[in-house]
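Visitor: My questions concern the predicted model and sequence given below.
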Amino acid sequence: MPLRLYNTMTRGVDEFHPIEPGKVGMYTCGPTVYNYAHIGNLRTYVFEDILKRVLLREGYEVRHVMNVTDVGHLTSDADEGEDKMEKGAAREGKSVWEIAEFYWQAFKDDMKRLNLLPPDVWCRATDHIPEQVAMVQALEQKGFTYILEDGVYFDTAKLPGYGKLARLDVQGLKAGARIEMVQGKRNPTDFALWKFSPKDKKRQMEWESPWGVGFPGWHIECSAMALKYLGERVDIHCGGIDHVNVHHTNEIAQTESVTGKPWVNWWMHGEFLVMAQPGSADAGKMAKSAGGFITLDMAMKRGFDPLAYRYFCLNAHYRAQLAFSWEGLDGAGAAFERLRTRAIELRAEAASGAPVIGEYMDEFREAARDDLNMPRALAATWGLLRDSQAPRAEVHRTLLGMDAILGFGLDRIQERKAAVSREMQVRIEKLIAERDAARKAKDFARADEIRRQLSAMGFALEDTPKGTIWKKA
């Protein structure tokens, strides 16, 4: 079947066709680097990684651009509150630049742990101030802006069709005012393009502009950098579902007002990771503003492999909310360990030139092409691994083909080393050598006795074609 993807703009799953045959320009909203990414954030990046892997496997040349928000993201969507970067710096007693560099590196570390393919272009907002200023000037020349005491704003009433991505009832919003109005705002949906620095204090990040010293709004950075690196037409733009109503809606407004043409062909959004609230049956999205969020590092300190969280994410469709619990992650971790073990076992049977098993690969690819249906794809993977009649070399080759999309790195994954002392390792290896000698001498009673001895010590043996391996029971 052809590749079919859900488009938030059309609210339908449609057959994907790029603007230019064989090539895909893809923009993904990156981290705001004022704190660690939590596992809810990372779920979105796992979905985007699966999308990119599917596109690559379909033969497309993918140019992937990801921004880094290191200025301009205010704590309120109403263009009020502190800049999150300045707030982070005050929290930790560091400079904004130190905060940005530290948390950007932390995010890149999380990407490596989850085996996420890096973007082709990283672009930081602070490295593209001239492009953002130029875009605001272009909007000003076209008559889309007005100036208030605190900044330059986009007049959404001048753009027919504003809010089309979110299906906003703009008239209803004008009557009901969904957000507290910045004084002087013409419309509730108007948003800041450039904010002026406060008169009573100096910001760490501020720049000269035609309108005065200040800093860019959050939305303008993505539009300016996407235009620079992907041009006026973009195949796919991704982000979290919470970006639909404000951030992505405003990106569309300012970009299409500048270019005068449709901007993005496919809008794709990942749903929330939700958590049960303590003492309540209600579920709520994980958010830094709520406090108490969970990071990948926290999961690792509890003994979880980061790839167990990747496996956990693939248990639900990217457009469905996923409920997180430590018990659920434990189940995903156990399943991933079984997958890891089977991959290592099968590696011993690898044969150059072994074919894939078409029945299972077709089932897997059909699931992947059906709007990235990873639960079905995982089911196809386990169907393959449970087929005891299939040639093991072909199973191995097929599994690696599936893993090009699953993204666990099974071709290079290693057996876990038991956390035991060097002295204990020497003792175990000596007992295994004694057992091997007993088996060769057909002294099976002694061989079984050694297995029981190791079991009592807390270690399990597994006999493979390449010898006996041991691990913690």
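Guide: Cool, got the structure.

Visitor: Quick check: longest helix in the protein by residues?
Guide: helix 326-347 (DSSP state H).

Visitor: avg pLDDT for that helix?
Guide: For helix 326-347, the mean pLDDT works out to 94.

Visitor: counting contacts, what elements does the helix or strand following that helix pack onto?
Guide: On the C-terminal side of helix 326-347, the closest following helix or strand by DSSP states H and E is helix 358-369. Packing contacts for helix 358-369, counted by 3 or more Cβ pairs under 8 Å, 6 or more residues apart in numbering; DSSP states H and E, involve helix 39-57, helix 374-385, helix 392-406. Heads up, the C-betas are built off the backbone N, CA and C, glycines and all.

Visitor: Neighbours of the nearest residue to residue 326 once chain neighbours are set aside, how many?
Guide: What sits nearest to residue 326 in space, not counting adjacent residues and going by Cβ to Cβ, 6 or more residues apart in numbering, is residue 302, at 7.3 Å. Burial of residue 302 is recorded as 11 neighbouring residues (other Cβ atoms under 10 Å).

Visitor: I'd like the distance between residue 302 and residue 315.
Guide: Applying Cβ to Cβ, to the nearest Å, the value for residue 302 to residue 315 is 19 Å.

Visitor: same thing with residue 258?
Guide: Plainly put, residue 258 is 41 Å away from residue 315 if you go by Cβ to Cβ.

Visitor: Also residue 271?
Guide: Counting by Cβ to Cβ, the gap from residue 271 to residue 315 is 13 Å.

Visitor: where do the contact lists of the two overlap?
Guide: A shared contact of residue 271 and residue 315, defined by Cβ atoms under 8 Å, 6 or more residues apart in numbering, is any residue touching both; here these are residue 322.

Visitor: Can you pick out the residue with more neighbours from these two?
Guide: A count of neighbours by other Cβ under 10 Å puts residue 271 above the other of residue 271 and residue 315, at 19 against 14.

Visitor: Residue 323 should be in a strand, yeah?
Guide: Yes: residue assignment for residue 323, taken from DSSP: H, G, I helix; E, B strand; the rest coil, places it within a strand.

Visitor: what helix or strand is the closest residue in space to it that isn't next to it in sequence on?
Guide: Taking Cβ to Cβ, 6+ apart, and ignoring the residues beside it in sequence, residue 323 has residue 274 as its nearest neighbour in space, at 5.4 Å. For residue 274, the element it lies in under DSSP H and E is strand 273-276.

Visitor: what ranges of the stretch 301-450 of the chain fall below the confidence cut-off?
Guide: Residue ranges of the stretch 301-450 of the chain with pLDDT under 70: 416-420, 422.

Visitor: 80 instead?
Guide: For the stretch 301-450 of the chain, the stretches with pLDDT under 80 are 414-425.

Visitor: Now stretch 68-80: buried residues?
Guide: For stretch 68-80, the buried set under the neighbour-count rule, 16 or more other Cβ atoms under 10 Å, comprises 68-74, 77-79.

Visitor: for stretch 357-365, same thing?
Guide: Counting neighbours by 16+ other Cβ under 10 Å, one finds that the buried residues in stretch 357-365 are 357, 360-361, 363-365.

Visitor: and the buried residues of stretch 68-80, which two are the farthest apart?
Guide: Comparing every pair within the buried residues of stretch 68-80 by Cβ to Cβ identifies 68 and 78 as the most remote, at 23.8 Å.

Visitor: pLDDT weak spots in the stretch 151-300 of the chain?
Guide: Looking at the stretch 151-300 of the chain by pLDDT under 80, you get 170-182, 276-292.

Visitor: switch to 90 and redo it
Guide: Low-confidence regions of the stretch 151-300 of the chain, defined here as pLDDT under 90, cover residues 168-183, 199-202, 275-293.

Visitor: Going along the chain, name the strands of the stretch 151-300 of the chain.
Guide: When assigned using DSSP state E, counting those that start in this stretch, the strands of the stretch 151-300 of the chain occupy the ranges 151-154, 191-196, 214-216, 234-240, 264-270, 273-276, 283-285.

Visitor: just checking, what packs against the fifth one?
Guide: Translated: strand 264-270. Based on contacts counted as 3+ Cβ pairs under 8 Å, 6+ apart, the elements that strand 264-270 packs against are strand 4-7, helix 39-57, strand 234-240.

Visitor: Check those for me and report the most buried one.
Guide: For the helices and strands packed on strand 264-270, the largest average neighbour count (mean count of other Cβ atoms under 10 Å) is found in strand 234-240, namely a mean of 24.

Visitor: how about it as CSV, C-alpha atoms only?
Guide: Listed in CSV are the C-alpha atoms of strand 234-240, where the atom choice follows Å, rounded to 0.1, in the frame of the first residue of the first chain:
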residue,chain,number,x,y,z
VAL,A,234,7.5,22.8,3.3
ASP,A,235,6.4,19.2,2.9
ILE,A,236,5.9,18.3,6.6
HIS,A,237,5.8,20.3,9.8
CYS,A,238,5.6,18.4,13.1
GLY,A,239,5.2,19.1,16.8
GLY,A,240,3.2,18.3,19.8
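
Visitor: Give the pairing partners of it; include direction for each.
Guide: Here the strand partners of strand 234-240, with direction, are listed using DSSP bridges: strand 23-28 (parallel), strand 264-270 (parallel).

Visitor: now the longest one: how far from the chain's centre is it?
Guide: Spelled out, that is strand 264-270. Taking Cα atoms, centre = their mean, to the nearest Å, the mean C-alpha location of strand 264-270 is offset from the chain mean by 14 Å.
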